[in-house]
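Chemist: sequence unknown, structure follows:
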Ligand SMILES: NC(=O)c1ccc[n+]([C@@H]2O[C@H](COP(=O)([O-])OP(=O)(O)OC[C@H]3O[C@@H](n4cnc5c(N)ncnc54)[C@H](O)[C@@H]3O)[C@@H](O)[C@H]2O)c1
Ligand SMILES: NC(=O)c1ccc[n+]([C@@H]2O[C@H](COP(=O)([O-])OP(=O)(O)OC[C@H]3O[C@@H](n4cnc5c(N)ncnc54)[C@H](O)[C@@H]3O)[C@@H](O)[C@H]2O)c1
């Protein structure tokens, strides 16, 4: 058994910054051939350029995970350039702070489309490629503590992350016969631009009065006593991409410093 | 590799099965290993095999349900290597496969003594050096039978549910 991701071809969506960038950096440092996929092409190019400086292989593509044609085009570009796809990380996601009674249809549909439908499309199109090439594969989705608990200021986001857990379980059952495993991991509070946005929105709704008050208050219950950085997540994500996790499927791995104990 | 370089780990029930495989894997990653088990012959062979491959390991005869033996075992490890980084609470028995109306109190107490009191005692005594060092890692073995109900091994399932619960509360406290 090996923990190796060496020479595996891995796509990570939403890898232009934040958690996704942390995932690809660790994979590349361990010898994977990484594809940085993001809506923001400049951001993914910048991450790819940094990784190439270390001597590792990195390629940037632009994708909108919520559009099937865009996802299909990304997968076929990767298949023709690298010859195969071994691991697909459906990590791109968006969030919004919004009091429960104020969530609109547009808010709900926007979040669901990227976080829920995006994971379905990414899983389907990656699986089609893995089935066609044979030999199995791995799909890893980004869930959240919000996929295990409902929080009043993130109702639609929580619904979308429960959807990620459900899609992970359903896909694990559907794809096992093709030797494709499907798992997700669930971060807690990660200091990325996403939380800067949520923090601003808390203030806009008059829920907090100063910067970082929201993230600090939300983080009170973390057993390990601090918020996380993307590198805290990378041990688990590289493990889920490696052969060492071959006997795991359909699971949600909490990587939250001990916020949700299940 | 060597993700456990210079770490000192106790693996209970390390003489056979999953505990044996865990001992070898930990040794490959650079950890010093103390196998706590009641099965002396098998456990000594595992320790010797690790030493033969250039690792560092000891077998300590410990019945995890016996507090004096656990305390003495942890003391021996800390005296030898100066610290304790990891405790893997793997030792367990499956007990009797009978429904509640057939299980005797002695059978019930025996499986709880190994699977639940054993985890408690090893955790209790491992915490002393870990708290002094302000770091450490404890890994408990529950089971799918700690999560779901099934008409198989009822007393065992109850013990594995207890292990899951202890894992959460010990993490918080
Ligand atoms: N930050 C946290 O505390 C936290 C906690 C739990 C889960 N998560 C999840 O982790 C994932 C990454 O979060 P992050 O904190 O790194 O966020 P981030 O906002 O820093 O980065 C998200 C990236 O995804 C890209 N993206 C957004 N919509 C896209 C689309 N439709 N198609 C392709 N790319 C798109 C963005 O351009 C951005 O580069 C998300 O799924 C998020 O829900 C974050
Ligand atoms: N095998 C499975 O299918 C399975 C499934 C789920 C969980 N588990 C759990 O994994 C762990 C290891 O199981 P295994 O299958 O390797 O079992 P095993 O019977 O092969 O090994 C258990 C080891 O524990 C030792 N042991 C028993 N009582 C002891 C005591 N009082 N003090 C010290 N050592 C003692 C035994 O001598 C043996 O070496 C157990 O906690 C078990 O409940 C096993």
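Modeler: Received the coordinates, thanks. This structure is a prediction, so every number in the text was calculated from the model and none was measured. Ligands and ions are numbered 1, 2, ... in the order given.
Chemist: So out of everything in chain B, what residue is nearest ligand 1?
Modeler: residue B:171 (19.7 Å; C-beta to the nearest ligand atom). Glycine gets a C-beta too; all of them are placed from N, C-alpha and C.
Chemist: Give me the three-state assignment for that residue.
Modeler: Counting by DSSP: H, G, I helix; E, B strand; the rest coil, the backbone at residue B:171 sits in helix.
Chemist: just checking, it touches residue A:261?
Modeler: Yes. Between residue B:171 and residue A:261 there is a contact under C-beta atoms under 8 Å: 6.7 Å.
Chemist: Checking residue A:139 next. Helix, strand or coil?
Modeler: Here residue A:139 is recorded as strand under three-state DSSP.
Chemist: Reduced to three states, what does the residue of chain B most remote from its centre come out as?
Modeler: Most distant from the centre of chain B: residue B:101, at 30.1 Å, with distances by C-alpha atoms, centre = their mean. The three-state assignment at residue B:101 reads coil, by three-state DSSP.
Chemist: sorry, back to before: between residue B:171 and residue A:261, which one's more packed in?
Modeler: Between residue B:171 and residue A:261, counted using other C-beta atoms under 10 Å in any protein chain shown, residue A:261 has the larger neighbour count: 15 against 12.
Chemist: Where does pLDDT dip in chain A?
Modeler: A:1-2 (pLDDT under 70).
Chemist: if we go to 90?
Modeler: Where chain A drops to pLDDT under 90, the residues are A:1-3, A:262.
Chemist: can you check chain B too?
Modeler: In chain B, residues with pLDDT under 90: B:1-2, B:150, B:173.
Chemist: tell me the contacts of residue 66?
Modeler: Picked chain A for this. Residue A:66 sits next to A:113-114, A:117-118, A:121 when contact means C-beta atoms under 8 Å, 6 or more residues apart in numbering or on different chains.
Chemist: actually chain B
Modeler: Counting by C-beta under 8 Å, 6+ apart, residue B:66 has contacts residue B:121.
Chemist: And it, how close does it get to residue B:107?
Modeler: In this view, residue B:66 and residue B:107 are 18 Å apart by C-beta to C-beta, to the nearest Å.
Chemist: ditto for residue B:87
Modeler: Per C-beta to C-beta, residue B:87 is found 27 Å from residue B:107.
Chemist: same deal with residue B:28?
Modeler: 38 Å.
Chemist: how many neighbours does the closest residue to residue A:67 other than its chain neighbours have?
Modeler: Leaving out its chain neighbours, the residue that sits closest to residue A:67 by C-beta to C-beta, 6 or more residues apart in numbering or on different chains is residue A:121, at 7.8 Å. Counted with other C-beta under 10 Å, residues neighbouring residue A:121 total 21.
Chemist: mind listing what residue A:121 touches?
Modeler: By C-beta under 8 Å, 6+ apart, residue A:121 lies in contact with A:65-68, A:71.
Chemist: helix/strand/coil for it?
Modeler: Classification of residue A:121 by three-state DSSP places it in helix.
Chemist: so what does the strand ranked longest in chain A touch, helix or strand wise?
Modeler: In chain A, taking DSSP state E as the definition, the longest strand is strand A:180-187. Packing contacts for strand A:180-187, counted by 3 or more C-beta pairs under 8 Å, 6 or more residues apart in numbering or on different chains; DSSP states H and E, involve helix A:118-133, strand A:137-142, helix A:155-175, helix A:230-241, strand A:252-255.
Chemist: for the helix or strand containing residue B:26, packing partners?
Modeler: Residue B:26 is part of helix B:17-28 when elements are defined by DSSP states H and E. Secondary-structure packing of helix B:17-28 (3+ C-beta pairs under 8 Å, 6+ apart): strand B:8-12, strand B:32-37, helix B:40-52, strand B:86-89.
Chemist: What residues sit buried inside the longest one?
Modeler: Right, helix B:40-52. If you call a residue buried by 16 or more other C-beta atoms under 10 Å in any protein chain shown, then helix B:40-52 has these buried ones: B:42-44, B:46-47, B:50.
Chemist: thinking again about what came up before, tell me which of the helices and strands packed on strand A:180-187 is the most buried.
Modeler: Among those, strand A:137-142 has the highest mean neighbour count (mean count of other C-beta atoms under 10 Å in any protein chain shown), at a mean of 26.
Chemist: what's in contact with it?
Modeler: A:14, A:19, A:85-91, A:93, A:119, A:122-123, A:126-127, A:130, A:164, A:167-168, A:171, A:175, A:178-185, A:187, A:237, A:240-241, A:245.
Chemist: How many residues are close by the one residue in chain B that gets nearest to ligand 2?
Modeler: In chain B, the residue that lies nearest ligand 2 is residue B:17 (2.2 Å; C-beta to the nearest ligand atom). By other C-beta under 10 Å, 13 other residues sit near residue B:17.
Chemist: now do the one 5 residues further on
Modeler: Applying the criterion other C-beta under 10 Å, we find 20 residues in the vicinity of residue B:22.
Chemist: Enumerate every residue touching it.
Modeler: Neighbours of residue B:22 in contact, by C-beta under 8 Å, 6+ apart: B:11, B:14, B:88, B:90.
Chemist: So which of these wins on neighbours?
Modeler: When the contacts of residue B:22 are compared by neighbour count (other C-beta under 10 Å), residue B:14 ends up highest, at 33 neighbours.
Chemist: I'd like the distance between that one and residue B:115.
Modeler: Per C-beta to C-beta, residue B:14 is found 16 Å from residue B:115.
Chemist: Repeat that for residue A:155.
Modeler: Separation of residue A:155 from residue B:115 (C-beta to C-beta): 41 Å.
Chemist: Residue numbers of chain B in contact with chain A?
Modeler: Counting by C-beta under 8 Å from any C-beta of the partner chain, the residues of chain B close to chain A are B:1, B:25, B:168, B:171-172.
Chemist: Kindly reformat those residues as a markdown table containing distance to residue A:5.
Modeler: Formatted as a markdown table, the residues of chain B next to chain A follow (distance: C-beta to C-beta, whole Å):
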| residue | distance to residue A:5 |
| --- | --- |
| B:1 | 13 |
| B:25 | 18 |
| B:168 | 31 |
| B:171 | 29 |
| B:172 | 33 |
